[in-house]
Each structure stands twice: as structure tokens, then as C-alpha cells.
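A.B. asks: Could you look at this predicted model? Sequence included:
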Amino acid sequence: MSCLPRRISWRNLLVAVCIVILIIALFSLSSWKGKIGSEFDFPQNRKHPVEPATQEADQSEGNGIVEGNPDSEEKLVYDPSTWPSANYDVHVFYYAWYGNPTHDRQWFHWNHRYLSHWDKQTDLRHPKGRHKPPDDVGANFYPQLGAYSSKDPEVLDRHMYEIRKARIGVVAVSWYPPSTADDEGEPPDRLIPAILDAADKYDVKVCFHMEPFANRNAETIRDAIMHIINKYGDHNAFYRKKRGEKQLPFFYMYDSYTVKDNEWMKLLSRLESLTVRDTQYDGIFVGLAVESQHPEQIYNAGFDGVYTYFASDTFVFGSKPSNWRKISSFCKTRDMMFIPSVGPGYIDTEVRPWNSQNTKSRENGAYYKKNFKMALMTLPDIISITSFNEWHEGTQIEAAVPHARGYGTEKYMDYGGVGQASMYMELTRTLIESWSKTKYT
């Protein structure tokens, strides 16, 4: 009898020791997992955006992606057999100059500086310095995708999907020659292969909106044209349009009036030694009409067409729809293309705080519809849209959401609330479809 209690005691002791070891192991595992989460800081899953209510805590470490409406959870499925065709006579100006620390190691363009006014007394009355993303960006609206990077393949894919869904056929990409860029960004040429691939997935075409790079003259512009055609001309998404009997590359030449006419003539006249006409580098070249004399200068320089770009309809001669019929008539009698540019509105006071006089209210879509209708009345060859994502000037049709600036109580403008994030993409599709019915019946 005296030995039985001892055997039971040792057995109980062994069980108790095992339980203690198990408890210690579980506690250690929990602590180790917590240590991983805090010290190694696994990146958030950016594929599925977070809700606005939880966004503030995450913005300092990411790009500030915001959930604007249920469409942002939509699976991007493109079926060309069931989707209505794209309209390749509708072009949208596209900017691939945005960057964030996640993809670019630093901010580009979202942290745009406040531009100075040329009058010192006026300039003193306005803010200086730079914006501080991701909550404070250089724009009056806030993108549904947050302060994104143009390098992000998911962003590019989403953009091309939305563009194609709106039945836009061509994106006109803002472009500088290799190793050059605007003052706020990185050289965009390095992103062209990714843009072409993303566009091709959705049967969208890509043309080039050549920016006013330094030292533009006949030789440097010819070199730029040669680079684009040699490097990208064989890609399936590279846009060509029929002109006469040829399918030719298409180029918008921004601020073309800053280059002397005789320099353009060296390129665009068949009699000049540097001409691209009737060579493998020939194309359709479209000049920008800002002032009333520009259409004639563009014609004399040898261009194939005229576009107007600006979305503020009282800004300059070319941007006023009341002048479009006159410009169109001038072009048609000279076998030139006329390409009016329409936009949903204009506001750039987060980069040009002194420029409120050129602000154009969106009027809940009425401004966009009115100017699109004015463009249709000119019987245009092509309609261009300013813009898909020029956020600094508030001309974007890309989805925007309500959002706080991150300081004080100031909030961004929006399209009418969370449910209206994609309003202007949807309106664009409606306007394109109305043109297509008129144009082809």
C-alpha cells in the first residue's frame, strides 16, 4: 500500500511538467509572431484597397490606396467578343509621371511644389514649398487608387482596363526623350514598354504626346521621332492611322509654337534634307493652336493637323469652343485634321495658387457634356480628351474619392461622393457612344 501513492505522485508530476512545457511553448510562439509583425513589418496587401475609415493609420507607409466604390474590388476581365468596340478616333492624354516610395524610393509629382507667380507682390500672398503625400498631394481632387506609382503594374493594368471600358481607343502618352523629364518626375521613356504591354492586353493603342524638351530643333526632334519608331514601332499597341494610302505613326507636338517654323519645315517639308516625309520616319504630326495665328503657322510649317489641348474654355483662343468652327473650317479647306480637346473642368490652385481665374467648375458633368457637344458640331476627325490623369490641373476623368488632406479639416473636392467615383469614366463612355451613333449612321 505504501508504494502505490508514490507511483501515482510521479505520474501526476510528469503530466504537470508536460503541461507547463506546452504552455511555455505556446507563449513563446505568440511572442515570436508579434516580434515578426513589429520588427520586420510585412508590407500590406495593396491588391485590395482598404476602406477610407482605416486609411489614415496606413498612409504614412504606403501609397494611400483608398476604396472608393465596389468597382475597385471588381475582377478585371476583358472579353473582346462581348465588349463593344473601342473608338480609335477618341484619344485621351495620359501622364505616367507619378511615383511613390513603395515603387520609386521617393515621391514624384504627388509632392509637386507650389509654382511662383512672375509678379513678386502677387507671389508673396500665396503658399510656398511642396506638398507632403500621401494625404497632401498637389491636386484639388484625390485619386481612388491613392498616391500611386506609374510603375506599378497593377495601376497600369487598372488604367488601361478603365480606359477600354469607357470605349476610348488611344492613349496619348506624355513623353520626353530618354534620360530627360520634366522638373518633377523621372524620364518617362523607360515606362513605355510596360504601358504598351498593358494597353495591348485591352486592345488600346498608344501614341506619343511629345513634350517641350530642352533644345528642340529639327535635328533633336528628328532624333526623338527615330527613337520612338525604331524602339516601339513594331509593338502591336503602337498606334498608326491611315493618311492617304499609308498607315502612319501619330504624334501630338505640345507647345509646337515655341519651335521656329523654319525648324519644323526642315522636318515636314519634302524638299528639305532632314525631312521625314516619305521615309520610314514619316508620320501624322499635329501642332498645338493656342493663339489665333497658330493654325496658319501650323499649316505653313507642314503639320498634318491642329489640336487645342487646354480644358479651360476661356483660357486661350484655341481652348474656346466658340472658335472651334473657325479653326475646323480653316483645317478642312487645307486637308488638315482638326482635333478639338474637351475636358471635364479645370482647377490647378494646388500647384498654381494664384490662378483661380481660370478655374472651370465641372457642374456635375454639364461642362464636359457641353464642350463635347461643341466639339461634335465641328465634325472633327478625332476628339481628344484632356485628360485621363493630369491631376495637377484638375482635368482628370480617372476615378476620384472623398478624402481628408491630413491637416486641419480641409478635404479634397470629389465627384459627388463615394458612389460617384467613376462618374466621369462612365460619362465619357456615354458621350463616345452618342458620337459613334451620329458618326456612323
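C.D. replies: Cool, got the structure.
A.B. asks: what pLDDT does the spatially most central residue of the chain get?
C.D. replies: What sits nearest the mean C-alpha location of the chain, by CA atoms, centre = their mean, is residue 389, with 3.3 Å. Note on residue 389: pLDDT of 98.
A.B. asks: OK, contacts around it?
C.D. replies: By CB atoms under 8 Å, 6 or more residues apart in numbering, the contact set of residue 389 is 94-95, 98, 143, 159, 396, 398. Quick note: C-beta positions are derived from backbone N, CA and C, even for glycine.
A.B. asks: do the same with residue 179
C.D. replies: Residue 179 touches 187, 189, counting by CB under 8 Å, 6+ apart.
A.B. asks: Any figure for the gap between it and residue 251?
C.D. replies: According to CB to CB, to the nearest Å, residue 179 and residue 251 sit 20 Å apart.
A.B. asks: before we move on, what about residue 323?
C.D. replies: If you go by CB to CB, the gap between residue 323 and residue 251 works out to 24 Å.
A.B. asks: Neighbour count for those two, which is higher?
C.D. replies: With neighbours defined as other CB atoms under 10 Å, residue 323 and residue 251 compare such that residue 251 has more, 24 against 18.
A.B. asks: For the more buried one, grab phi and psi.
C.D. replies: Main-chain dihedrals, residue 251, degrees, to the nearest 10: phi -130, psi 130.
A.B. asks: all helices of this protein, in order?
C.D. replies: 3-35, 55-58, 101-104, 120-124, 153-165, 192-201, 218-232, 261-268, 294-301, 324-332, 366-376, 423-440 (DSSP state H).
A.B. asks: Save those as TSV, and put in distance to residue 243 and mean pLDDT too.
C.D. replies: Below are the helices of the chain laid out as TSV (distance: least, CB to CB, whole Å; pLDDT from 0 to 100):
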stretch	distance to residue 243	mean pLDDT
helix 3-35	64	46
helix 55-58	48	34
helix 101-104	38	98
helix 120-124	46	92
helix 153-165	24	98
helix 192-201	22	98
helix 218-232	15	98
helix 261-268	13	97
helix 294-301	16	98
helix 324-332	14	98
helix 366-376	21	97
helix 423-440	19	88
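A.B. asks: In CSV: those, plus distance to residue 174 and mean neighbour count.
C.D. replies: Shown next, in CSV, are the helices of the chain (distance: least, CB to CB, whole Å; neighbours: other CB atoms under 10 Å):
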stretch, distance to residue 174, mean neighbour count
helix 3-35, 46, 10
helix 55-58, 29, 15
helix 101-104, 17, 16
helix 120-124, 27, 10
helix 153-165, 14, 20
helix 192-201, 11, 19
helix 218-232, 13, 17
helix 261-268, 20, 20
helix 294-301, 20, 20
helix 324-332, 23, 19
helix 366-376, 21, 19
helix 423-440, 19, 17
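A.B. asks: So for residue 397, what's the nearest residue that isn't a sequence neighbour?
C.D. replies: residue 424 (3.9 Å; CB to CB, 6 or more residues apart in numbering).
A.B. asks: any idea how far that neighbour lies from residue 418?
C.D. replies: Counting by CB to CB, the separation of residue 424 from residue 418 is 15 Å.
A.B. asks: And residue 155, by the same measure?
C.D. replies: Plainly put, residue 155 is 20 Å away from residue 418 if you go by CB to CB.
A.B. asks: try residue 373
C.D. replies: In terms of CB to CB, residue 373 sits 29 Å off from residue 418.
A.B. asks: ok, now residue 339?
C.D. replies: For residue 339, the distance to residue 418 - CB to CB - is 35 Å.
A.B. asks: neighbour-wise, which of the two wins?
C.D. replies: residue 339 (25 against 16).
A.B. asks: from memory residue 281 sits against residue 224, does it?
C.D. replies: No. Residue 281 lies out of contact with residue 224 (CB atoms under 8 Å); the separation is 10.3 Å.
A.B. asks: If I look at the closest residue to residue 125 other than its chain neighbours, what pLDDT would I see?
C.D. replies: Using CB to CB, 6+ apart and skipping the chain neighbours, the partner closest in space to residue 125 is residue 354 (7.6 Å). For residue 354, the pLDDT comes out at 97.
A.B. asks: what sits against residue 354?
C.D. replies: Contacts of residue 354 by CB under 8 Å, 6+ apart are 117, 122-123, 125-126.
A.B. asks: roughly how far apart are it and residue 131?
C.D. replies: According to CB to CB, residue 354 stands 16 Å off from residue 131.
A.B. asks: Out of the contacts of residue 354, give me the two with the largest separation.
C.D. replies: Of all pairs drawn from the contacts of residue 354, the greatest distance, 8.6 Å, lies between 117 and 125 (CB to CB).
A.B. asks: list the contacts for the spatially closest residue to residue 238 that is not a sequence neighbour?
C.D. replies: Counting by CB to CB, 6+ apart, residue 238 lies nearest to residue 232, which is 5.4 Å off, once chain neighbours are set aside. For residue 232, the contacting residues are 192-193, 196, 206, 238, by CB under 8 Å, 6+ apart.
A.B. asks: give me that answer again for 7 Å
C.D. replies: By CB atoms under 7 Å, 6 or more residues apart in numbering, the contact set of residue 232 is 192, 196, 238.
A.B. asks: tally of neighbours for residue 345?
C.D. replies: Neighbour tally, residue 345, other CB under 10 Å: 26.
A.B. asks: should've said residue 335
C.D. replies: So residue 335, with other CB under 10 Å, has 11 neighbours.
A.B. asks: I'd like the distance between it and residue 244.
C.D. replies: Distance from residue 335 to residue 244, by CB to CB: 10 Å.
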